[in-house]
Every structure is written in structure tokens, then in C-alpha cells.
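**Student:** can you look at this prediction? I've put the sequence above it.
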Amino acid sequence: MLFLQSDMWYNECEMFINVTSPRVLKELMAQFGVAPLKKLGQNFLVDGNIADKIAAAAAPAGACVLEIGPGFGALTSRLLARGSEVAAYEIDAGLCRALDAIFTGEPRFHLFHQDFLKADINQELGALFGGREIYVSANLPYYITSPCIMALLTARLNIRRITVMVQREVADRLCAAPGSKDYGVLTVAAGFFSAPQRLFNVSPSCFYPRPEVESAVVQMEIAPQQDMDFEAFMDTVKALFAMRRKTVKSNLRTAGLEPQQTEAVLKAAGIDENARAETLSVRDFIAISRELKKYINKVRIYRGKKDFV
């Protein structure tokens, strides 16, 4: 297939097909038999300026990058042009054929045709990147946003930064402040590792097909709590959010603590027993979780659903 020069995207030494051109995108879709699948949340980025901004924010030049859901490679091409080595996970067979063709002969592009949530990223990326820092770039469908973020945050990899495009309401939850209606389990889970920052919103007009909702780009610089077991921490968080309108005292009692244990835990953690989970900071949850260690062999902390929404 031939493309007009105006439909190419350049840097000083490389040239890639400009898949943010609607004309090029439609030709590629026809050639590789790809139709956007709603069940996979496929909305392809067709705004080159937005793609440039995301690529520049996602990783420094020459970095190791994990990309989830590359589509036709709008971000991939820009990351490669910046000298990055890119490992891309794509579940769609037609898109994989297109990506193989678009980036054929590019030694810094590694394509994994599989479901990211079922992949052994610790083994695969550990073998590919070794102990080098990894930067994540992803355009996440709504229905897998929380599982993907949690898989990244808990991976046994040297992940330095996560930059994701998500639905705006998910961005609201990731970046919510204590006391707000959007503050919840996902906020606290992400806050355990980082302080999520909203970089900018993205209009539905920047995608094909056009989604019904606005998106936003969120970035997390990863700085894990090395002295705290994350699973135990999340048990605490889910216990305290089990009944959102109840006090932390009530939720700990529901989780199985005796009255005197509940009083001792909250007093030692410096938490008002009449406070609600939505008003607590990440530090507050960490403090409560540490105190609960004294009773963990006696008390079964609430284990909720496996999702984090």
C-alpha cells in the first residue's frame, strides 16, 4: 500500500505511517480486515497532537516502554521515534497483523499477541528488559481499567511510571481527594504506590469511532511502600469501605474485630472511631493496617470482590 507524503510522520532518521490520519486508518482497517469492536473498547486515536503529548509525557527518550492495546500504533510510532524499545500487548489478531506490517524490520518493537491480563508479564518483560526501568503507556478500555492498573502496580518489575488514557470518570476516581464522592478503593490502592496526576482531558472527537464519553490522561510516578504488605493493606481498605456510609469503627466490627480490639487499633493509629473511610488519607489506611497486624491471626479481614472499583 502506498501513502502520500502528507500522510507520513517523520523524525530526523525514521519514517512511520501516520495512523492518526483518518484516511490512512480507514485504508489500514480495510486492508487488514479490522472493524472496531465495542466489546474490546476499541476507539482509535486520530489526533496527532494528542498522540505527541502522550508519547512525550509517557517516557524519556530511549526508555523501555510497555504499551497495552497499541491499536494501529499511533503511540508506538512516536515512542519508537524517540528511541524507545517498545513491548506491546495486543489481543486483536487483525491489529497484530497490521502492527507486524507497519513495524516490520524494527528491532526495538516487540509484539505480544495475547490478553494482557492473562500474560505472565513478570517473566516475559523480565526476560526482555531485565532490571531496567519500565515506563507504561496505555489506552485502557473502561471494563478492564481497574484490573490492568492493579496488575501493573503489583507486578514484580521495575516500573517507574504509568501513563494511561482512561474514561474521565475513572480519572476522577484515581485522582480524587479524601472526602470527595469519587474517593474510594481504587483511589487508595493507586495512592499506595503513587500520587496520580491528571495531565489533560481528551475530547471524544479525537477518536475513531467517536466514543460517547470524554477521556483523560493520568500519570503515576511509582514509589512503593516497601515495608507494607499490599495484600494486607487492601484487606484493610476493603474492610473499611465495605459499607461506605458506616463509620470505620462499625466496619471493623463487621469484619470481625472485638470491641476492645477495634478501639485499640483506631486509638493506636490515631483515627477517630466515628470517621468514615472516605475521609481517611492513604497514610491513615496504612496506619490502621499496621495496627491490625497484631490481630491478623485472630481476625479475618473482609475480602471483597477481586476488582478494585
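**Tutor:** Done, it's in.
**Student:** skipping adjacent residues, who's closest to Pro209 in space?
**Tutor:** Pro36 (5.4 Å; Cβ to Cβ, 6 or more residues apart in numbering). Every residue, glycine included, has its C-beta placed from N, CA and C.
**Student:** state the distance from that neighbour to Pro211.
**Tutor:** Distance of Pro36 to Pro211, given as Cβ to Cβ, to the nearest Å: 10 Å.
**Student:** joint contacts of those two?
**Tutor:** Asn43 (Cβ atoms under 8 Å, 6 or more residues apart in numbering).
**Student:** which one of those two has more residues nearby?
**Tutor:** Just comparing Pro36 and Pro211: by other Cβ atoms under 10 Å the higher neighbour count belongs to Pro211, 20 against 15.
**Student:** mind checking pLDDT for Ser146?
**Tutor:** Reported pLDDT at Ser146 in the predicted model: 93.
**Student:** ugh, wrong one, Met1
**Tutor:** Note on Met1: pLDDT of 39.
**Student:** now the longest strand along the chain - C-alpha only, CSV.
**Tutor:** Under DSSP state E, the strand in the chain containing the largest number of residues is strand 159-167. The C-alpha coordinates for strand 159-167 follow below in CSV (Å, rounded to 0.1, in the frame of the first residue of the first chain):
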residue,chain,number,x,y,z
ILE,A,159,8.0,0.0,36.7
ARG,A,160,8.9,3.7,37.1
ARG,A,161,5.9,5.5,35.6
ILE,A,162,2.4,4.6,34.4
THR,A,163,0.7,6.9,31.9
VAL,A,164,-2.8,5.8,30.9
MET,A,165,-5.7,7.2,29.0
VAL,A,166,-9.0,6.3,30.7
GLN,A,167,-12.6,7.4,30.8
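**Student:** please renumber so the chain begins at 24
**Tutor:** Sounds good: first residue 24 from here, last item strand 182-190.
**Student:** now do that strand: everything it contacts.
**Tutor:** In contact with strand 182-190 (Cβ under 8 Å, 6+ apart) are residues 77, 80-82, 89, 156-163, 165, 168, 171-172, 175-176, 197, 217, 222, 225, 236-245.
**Student:** ditto for stretch 49-69
**Tutor:** With Cβ under 8 Å, 6+ apart as the test, stretch 49-69 has contacts from 24, 26, 40, 42-45, 48, 74, 94-95, 97-98, 114-115, 117-118, 120-121, 124-125, 162-167, 229-234.
**Student:** with stretch 113-121 instead?
**Tutor:** 51, 54-57, 60, 63, 65, 92-96, 122, 134-139.
**Student:** contacts for stretch 134-149, please.
**Tutor:** The contact list for stretch 134-149 (Cβ under 8 Å, 6+ apart) reads 89, 91-92, 110-114, 116, 119, 122-123, 126, 157, 167, 170-171, 174, 178-180.
**Student:** looking at the chain, which helix or strand is least sure?
**Tutor:** Comparing helices and strands within the chain by mean pLDDT, DSSP states H and E singles out strand 31-33 as the least confident, with a mean of 44.
**Student:** quick one: residues contacting Arg179.
**Tutor:** Asn145, Gly149.
**Student:** for it, grab phi and psi.
**Tutor:** For Arg179, the backbone dihedrals (degrees, to the nearest 10) come out as phi -90, psi 60.
**Student:** and for Arg268?
**Tutor:** According to degrees, to the nearest 10, Arg268 has phi -90, psi 0.
**Student:** that one and Thr302 touch, don't they?
**Tutor:** No. Counting by Cβ atoms under 8 Å, Arg268 stays clear of Thr302, with 11.8 Å between them.
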